[in-house]
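> Need the 3D shape of this:
(one chain, ligands or ions: 2)
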Amino acid sequence: MTETMVRLDEVEKLYGAVRALWPTSLEIQKGEFVTLLGPSGSGKTTILNLISGSIGATCGAIWIGNRDVTKLPPNRRELGMVFQNYALMPHMTVFENIAFPLRVRKRSEADIRKRVDEVLEVVSLAGYGERKPKELSGGQQQRIAIARCLVYDPDLILMDEPLGALDKKLRDQLQLEIKRIHKTLGVTLLYVTHDQSEALVLSDRICLMNGGRIEQLGTPDDLYFRPRTIFAADFLGESNIIDASLEADGGSAKISTAGGLVVEGVPTDTKAASAKIMIRPESFTVDTGDGFARNGVQGVVEDTTLTGGVIDIRLRLKDGSLISVRQLTRRDFRSIQHGQQLSVSVKPSDVVILQ
Ligand SMILES: Nc1ncnc2c1ncn2[C@@H]1O[C@H](COP(=O)(O)OP(=O)(O)OP(=O)(O)O)[C@@H](O)[C@H]1O
Ligand SMILES: [Mg+2]
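Ligands and ions are numbered 1, 2, ... in the order given. As a prediction, the model looks like this:
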């Protein structure tokens with residue numbers, strides 16, 4: 001049985017006339033890794049701050065476990081937080097930095113020593129206890145910040161862009177570390193990022209934010225393969241978004257576009273006569289045979305770009321629009337020339353009809 005760890009009931013946040021968060025409901029299950037993803041100013045930090053208690057809700061209720069914490073001060077909410085700027089105390093050793101939350105909780109000296117050693121092990125920094133923060137790299141300091149928040153075993157950890165200040169290589173490495181920590185400790189994690197690949201790599205579910213509202217909440221698969229809106233389709237990954245006419249036929253539709261793309265049997269229950277559709281560049285297949293595929297389109301090659309393992313082809317259609325096609329590189333694709341005719345096809349199930 002799943003157990004709810006965090007619940008927001010119609011929580012709203014206003015700063016004067018600025019609505020940072022529209023009335024929002026959200027449930028996070030125990031042990032889940034949920035990422036808040038979205039552009040700057042979309043309300044990600046606001047949600048985190050509301051849960052931690054560093055800001056108060058204008059309306060609505062916030063639950064952690066089976067406690068209504070809406071009116072509780074931050075220090076009574078028993079959760080861990082890690083920020084982008086890992087605010088370690090510079091004059092204290094790594095050991096004392098990590099021990100601090102336990103001293104506040106008046107744990108015994110023996111207890112503290114054992115526990116700090118354990119979490120240093122978890123973040124792969126055993127033996128670093130006697131150093132000062134300035135004697136560590138940025139990535140190591142961030143791991144200490146994570147260790148400090150793990151040390152008192154919170155059930156819930158909130159992280160606000162914890163890897164934002166690090167270079168790409170360190171970020172990738174620490175992503176894996178955070179994922180591993182989440183798996184081994186079974187802790188519930190709510191994680192903020194505006195980096196879509198980070199969200200796809202880490203999350204059980206992604207909560208995509210837009211303008212202070214939840215745009216879509218679902219698994220990485222849901223968001224990538226079944227985005228509901230133009231915003232979602234556009235925000236995650238690359239996409240061709242095209243106006244299409246629809247002819248409904250039972251549980252599916254035939255779609256056609258001004259550029260000449262025709263696809264039959266697209267699964268949908270919509271009855272609309274027109275809609276925007278989305279097709280990922282990699283969902284197209286270049287037809288190397290001579291026959292024109294039934295579900296697809298023909299166009300003129302605008303340009304091709306080889307980026308190692310994949311080749312990107314832009315195809316100009318008869319209405320003048322361009323579509324992007326991405327294929328795994330094959331030697332014979334190198335002969336594709338600007339100006340040549342090319343047909344591509346797509347599986348009906350890879351065409352997504354947007355709201
Ligand atoms: N103290 C404040 N007073 C007034 N407006 C605020 C305050 N804090 C945040 N806001 C506004 O609330 C909205 C949401 O801000 P929030 O910090 O949640 O965004 P975010 O998604 O975390 O963005 P970023 O990726 O830039 O960190 C923004 O429009 C912001 O300007
Ligand atoms: Mg923020």
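> Now do the strands in the stretch 51-200 of the chain.
Per DSSP state E, counting those that start in this stretch, the stretch 51-200 of the chain carries strands over the ranges 59-64, 67-68, 80-82, 156-160, 188-193.
> looking at these, which has the lowest confidence?
With a mean of 83, strand 80-82 has the lowest mean pLDDT of these.
> So which other helices or strands are in contact with it?
Packing partners of strand 80-82 (3 or more C-beta pairs under 8 Å, 6 or more residues apart in numbering; DSSP states H and E): helix 138-150, strand 156-160. Bear in mind the C-beta positions are built from the backbone N, C-alpha and C, glycine included.
> check contacts around the residue of the stretch 51-200 of the chain found nearest ligand 1.
The stretch 51-200 of the chain approaches ligand 1 most closely through His194 (5.0 Å), counting by C-beta to the nearest ligand atom. Listed by C-beta atoms under 8 Å, 6 or more residues apart in numbering, the contact set of His194 reads 37-40, 44, 161.
> Please apply the same query to Ser42.
Ser42 neighbours (C-beta under 8 Å, 6+ apart): 209-212.
> coming back round to it: how about the strands of the stretch 51-200 of the chain in a markdown table, adding mean neighbour count?
Compiled in a markdown table, these are given as follows (neighbours: other C-beta atoms under 10 Å):
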| stretch | mean neighbour count |
| --- | --- |
| strand 59-64 | 18 |
| strand 67-68 | 12 |
| strand 80-82 | 22 |
| strand 156-160 | 23 |
| strand 188-193 | 25 |
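> how about those in CSV, adding distance to Asp319?
As requested, those are arranged in CSV below (distance: least, C-beta to C-beta, whole Å):
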stretch, distance to Asp319
strand 59-64, 47
strand 67-68, 56
strand 80-82, 50
strand 156-160, 45
strand 188-193, 38
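> Relative to Glu135, which of the ones you listed is closest?
Comparing the strands of the stretch 51-200 of the chain against Glu135 with C-beta to C-beta, the closest turns out to be strand 80-82 (20.5 Å).
> what about this structure, any weak spots by pLDDT?
Scanning the chain for pLDDT under 70 picks out 1, 84-86, 289-293.
> before we move on, the earlier item: same list (the helices and strands packed on strand 80-82) but as a markdown table, adding distance to ligand 1.
Converted to a markdown table, these look like this (distance: least, C-beta to the nearest ligand atom, whole Å):
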| stretch | distance to ligand 1 |
| --- | --- |
| helix 138-150 | 17 |
| strand 156-160 | 7 |
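> May I see these organised as JSON lines, with distance to Ser256 added?
JSON lines is the format used below for those (distance: least, C-beta to C-beta, whole Å):
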{"stretch": "helix 138-150", "distance to Ser256": "51"}
{"stretch": "strand 156-160", "distance to Ser256": "46"}
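> List the contacts of Glu238.
Contacts here follow C-beta under 8 Å, 6+ apart; on that basis Glu238 touches 280-281, 324, 326.
> one more time with 7 Å, if that's ok
280-281, 324 (C-beta atoms under 7 Å, 6 or more residues apart in numbering).
> now Ile353
By C-beta under 7 Å, 6+ apart, the contact list for Ile353 reads 266, 268, 270, 275, 277.
> Surely the fourth one and Ile242 touch.
By that I understand Ala275. No: in terms of C-beta atoms under 7 Å, Ala275 does not count as a neighbour of Ile242; the distance is 9.8 Å.
> If you count surrounding residues, which of those two has more?
Neighbour tally, Ala275 and Ile242, criterion other C-beta atoms under 10 Å: the higher count belongs to Ile242, 22 against 18.
> list the buried ones in stretch 223-240?
Within stretch 223-240, the residues scored as buried using 16 or more other C-beta atoms under 10 Å are 223-225, 227-229, 231-233, 235-237, 239-240.
> try stretch 347-355
348, 350-354.
> Same question for stretch 87-101.
88, 93-101.
> In JSON lines: those, plus distance to ligand 1.
Listed next are the buried residues of stretch 87-101 as JSON lines, based on distance: C-beta to the nearest ligand atom, whole Å:
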{"residue": "Leu88", "distance to ligand 1": "21"}
{"residue": "Thr93", "distance to ligand 1": "31"}
{"residue": "Val94", "distance to ligand 1": "28"}
{"residue": "Phe95", "distance to ligand 1": "32"}
{"residue": "Glu96", "distance to ligand 1": "30"}
{"residue": "Asn97", "distance to ligand 1": "25"}
{"residue": "Ile98", "distance to ligand 1": "27"}
{"residue": "Ala99", "distance to ligand 1": "30"}
{"residue": "Phe100", "distance to ligand 1": "26"}
{"residue": "Pro101", "distance to ligand 1": "25"}
